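> Fold the following and give me the result.
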Amino acid sequence: MTKSGVSLAWLSSAILGGLVGTGVDCIAQTTDRIERLPTGETALMATGVRLPKWTGTPAVKTFHLQQSSDLKNWASIGPAVTFEQVDPSLPLQFPLPPSDGTQFYRLNEKLTFRFENSLTAESASFSAQFDGFLEEFEDLSIDGFRELYSPFAPTEFSTLVDPYLEDLTFDPTQAPFWKEFNTSPEDHNAQLPVDDPERRLHDFRLNEGELSLFRKNGFVVSERLQRKTFVDMFYDIWTDDLPVFISSDAMLQAWHRTYVSMLEETEEVFLRPALRSRSRRHEIVRGAGDTWCSRAVTGADSVRPLRRTGNIQFADPAGVSTHRTDHFRTVAEKLGDVALTQLDRKPISEEQHSFIRSLVEAEEDVYLGIRLYSGWYPNLYYQNAFPGVAEHPSAVWDPLVTDVHTDAPDDCHGDDGGILHEAVGNVNFLLMAANHGDAQCVIGGPVFSHYEFILPIERGRMTDAEWKSNPSAPVSDFVKEFLVPAQP
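From the prediction side, this is the model:
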């Protein structure tokens, strides 16, 4: 704070983002001070005012001096000051009015671009502006990008943080539970009675390529050991009584499937019947603008525009949806507490142990090889009125594919074009050695698979049904640093 007579000036700063069109107000990103002028007046002097890099469209900055006595209510004082050309080395002057008490001041600035509306005039477009910003970073290297935008980059308050170790500080194959994961069911069960609950059913041993990456990185993702769903992977690890890794992928999949199930039920149970009750086979459908047309809809009742269906209220039956989201929140909070406890290198409580043990089956239920889906993870999935072919919503096999970019052919440059796709398929297996100080442990769990591929333009976009017939593709080279494909 700087004192000037009986007035106290308070000036804050905020980073100005790229703004286009009508403009957005923000606190000015300037260096400010209060000076007494030769005339005897007190003025706010602002330096460091800059306009964005030239993009072909004139940029304008407008400043308002604002005053407050309580730092809550601000009012503009004096006329606005507008600049189209600014010399950042010269200060801007804003005279301060006389004041009887303590006052606070700040500069508010607004950036706008002056677009030309003429179709014939040479004016910049959004593309031209983008090109201007792109030119600024044309020669930016990967290291430069990392230095500018890494969350670990140095700031005025901290030094550079390197969150990665050059090498592992321990041998992951010597950590507890490595032997359990690396033992075949046959060897483990050799000395156990046929009805012993400690017998194991699943083989999680790594092959030579997977073991090599596990030793190098402390973790490895195996496509070979994948399962169809997250709940399948959890059941296999849980029934063999092995330490489980609960991934954010598993939580996101539960939320995704819950959203799809709720939307499906809303459409089928509420929206569709409500619309059908207000429609008939041939009816007038409002077209574009003010034009009306008659449309015959075959095979089902035709549908009016939604705004003409009257007041349709959708009720949440028995609060089921709300209950499901509350359960999801509770589980997420408990998992967060477990994660924080582990990061603090403290042992988890018996209550947290009990929570993890009830991952797929409630502790009070006796598991006899028949899935009851009574644990907290299966119950994250919303069970709607249309269960479908799966025995439980968490057991729905859900490979998905989508096109994210279309490159049109260009004969001039010999570019055949293509359609870029992103997809998820079966659920991969992650084996990881966690090191929490003296407490080391090998844990396993499910993670998403990911595929990226390009199809020819003439082939067209792949549908989910096509992808499900064979949900696999060559993996990108960069993921081979930590993932071993099923087919090399």
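> Okay, now the unreliable bits of the chain?
1-33, 47-58, 84-90, 113-132, 150-165, 278-322, 385-390, 436-438, 488 (pLDDT under 70).
> At the geometric centre of it, which residue do we find?
Of all residues in the chain, the one closest to the mean position by Cα atoms, centre = their mean is Leu252, 9.9 Å from it.
> other SSEs contacting the host helix or strand of that one?
Using DSSP states H and E, Leu252 sits in helix 248-265. Under the contact criterion of 3 or more Cβ pairs under 8 Å, 6 or more residues apart in numbering; DSSP states H and E, helix 248-265 touches helix 230-239, helix 320-343, strand 439-447. The C-beta positions use only the backbone N, C-alpha and C, and glycine is treated the same way.
> Ser76: which element?
Secondary structure assignment for Ser76, by DSSP H and E: strand 75-83.
> Just checking: what are the partner strands of that strand?
Applying DSSP bridges to the sheet, strand 75-83 is found paired with strand 59-68 (antiparallel).
> Tell me where the stretch 251-400 of the chain has strands.
282-286, 292-296, 400-407 (DSSP state E, counting those that start in this stretch).
> residues in contact with the helix or strand just after the last one?
Under the assignment DSSP H and E, the closest C-terminal helix or strand after strand 400-407 is strand 418-424. When contacts are defined by Cβ atoms under 8 Å, 6 or more residues apart in numbering, strand 418-424 is touched by residues 398-407, 448-457, 459-462, 467, 471, 473.
> May I see the PyMOL selection of the buried members of those residues?
To isolate the buried subset of the contacts of strand 418-424 in PyMOL, counting by 16 or more other Cβ atoms under 10 Å, use the following:
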select buried, resi 398+399+401+403+448+449+450+451+453+462+467+471+473
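> still on that earlier bit, and the helix or strand just after the strand holding Ser76, what does it pack against?
Using DSSP H and E, the helix or strand that follows strand 75-83 in sequence is strand 92-95. For strand 92-95, the packing partners by 3+ Cβ pairs under 8 Å, 6+ apart come out as strand 42-47, strand 59-68, strand 75-83.
> Among those, which comes closest to Asp143?
Asp143 lies closest to strand 59-68 among the helices and strands packed on strand 92-95, at 30.8 Å (Cβ to Cβ).
> quick one: the closest one to strand 42-47, angle?
Compare the direction of strand 59-68 with that of strand 42-47 by axes from the mean of the first three to the mean of the last three Cα atoms, to 10 degrees and you get 140 degrees.
> Just to check, Ser354 is in contact with Glu363?
Yes: under the criterion of Cβ atoms under 8 Å, Ser354 is in contact with Glu363, at a separation of 6.3 Å.
> Mind listing the shared neighbours of the two?
What both Ser354 and Glu363 touch, as defined by Cβ under 8 Å, 6+ apart, is an empty set.
> If Val427 is in a bridge, with which residues?
If you apply DSSP bridges, the partners that Val427 bridges to are Arg227.
> Can you get me a residue count around it?
A count of neighbours around Val427, defined by other Cβ atoms under 10 Å, yields 27.
> That one contacts Gly445, correct?
No: in terms of Cβ under 8 Å, Val427 does not count as a neighbour of Gly445; the distance is 9.6 Å.
> Need the overlap of contacts for these two.
Taking Cβ under 8 Å, 6+ apart as the criterion, Val427 and Gly445 both touch Met233.
> ok so, going back, include mean neighbour count and distance to Asp415 when you put the helices and strands packed on strand 92-95 into a markdown table, please.
Converted to a markdown table, the helices and strands packed on strand 92-95 look like this (neighbours: other Cβ atoms under 10 Å; distance: least, Cβ to Cβ, whole Å):
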| stretch | mean neighbour count | distance to Asp415 |
| --- | --- | --- |
| strand 42-47 | 18 | 49 |
| strand 59-68 | 19 | 35 |
| strand 75-83 | 13 | 45 |
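> of those, which approaches Pro243 most closely?
Taking the helices and strands packed on strand 92-95 one by one with Cβ to Cβ, strand 59-68 is closest: 57.1 Å.
> Can you show me the CA trace of that closest one as CSV?
Extracted as CSV, the C-alpha positions of strand 59-68 are listed here (Å, rounded to 0.1, in the frame of the first residue of the first chain):
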residue,chain,number,x,y,z
ALA,A,59,-6.7,-3.9,-30.6
VAL,A,60,-8.0,-1.3,-28.2
LYS,A,61,-7.5,-1.1,-24.4
THR,A,62,-9.8,1.0,-22.3
PHE,A,63,-8.9,1.9,-18.7
HIS,A,64,-11.2,3.0,-15.9
LEU,A,65,-9.9,4.2,-12.5
GLN,A,66,-11.9,2.7,-9.8
GLN,A,67,-12.3,3.7,-6.1
SER,A,68,-13.5,1.9,-3.0
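> Please work out which of the helices and strands packed on helix 248-265 is packed deepest.
Per residue and on average, the most neighbours among those fall to helix 230-239, with a mean of 24 (mean count of other Cβ atoms under 10 Å).
> and the angle for that one with helix 248-265?
If you take the same axes, to 10 degrees, helix 230-239 sits at 130 degrees to helix 248-265.
> For helix 230-239, what is the distance to the chain centroid?
26 Å (Cα atoms, centre = their mean, to the nearest Å).
> Now do it: which elements does it pack against?
Judged by 3+ Cβ pairs under 8 Å, 6+ apart, helix 230-239 is in contact with helix 248-265, strand 427-436, strand 439-447.
> Quick one: end-to-end length of stretch 400-418, please.
Chord length of stretch 400-418, first to last residue, is 19 Å (Cα to Cα, to the nearest Å).
> Report the distance from it to the chain centre.
26 Å.
> quick one on the thing from earlier: between the helices and strands packed on strand 92-95, which one is closest to Asn217.
strand 59-68 (48.0 Å).
> residues contacting Trp74?
Trp74 neighbours (Cβ under 8 Å, 6+ apart): Gln66, Gln67, Ser68, Arg106, Asn108.
> Which residue comes closest to the second one once chain neighbours are left out?
Spelled out, it's Gln67. Nearest-residue entry for Gln67: Ile77, 5.0 Å, with adjacent residues in sequence omitted and distances by Cβ to Cβ, 6 or more residues apart in numbering.
> so that neighbour sits right up against Leu44, yeah?
No: with contact defined as Cβ under 8 Å, Ile77 does not reach Leu44; the gap is 10.8 Å.
> in stretch 268-277, what counts as buried?
Buried-residue list, stretch 268-277, by 16+ other Cβ under 10 Å: Phe270, Leu271, Leu275.
> export those residues to CSV and tack on distance to Arg146?
Formatted as CSV, the buried residues of stretch 268-277 follow (distance: Cβ to Cβ, whole Å):
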residue, distance to Arg146
Phe270, 50
Leu271, 48
Leu275, 53
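> From those residues, pick the one nearest Tyr373.
Phe270 (26.3 Å).
> ok, that closest one to Arg276 distance?
Counting by Cβ to Cβ, to the nearest Å, the gap from Phe270 to Arg276 is 11 Å.
> coming back round to it: report the set of residues contacting both of Ile77 and Leu44.
With Cβ under 8 Å, 6+ apart as the test, Ile77 and Leu44 both reach Leu65.
> can you list the residues that contact stretch 324-340?
246, 251, 254-255, 258, 348, 352, 355-356, 376-377, 379-380, 382.
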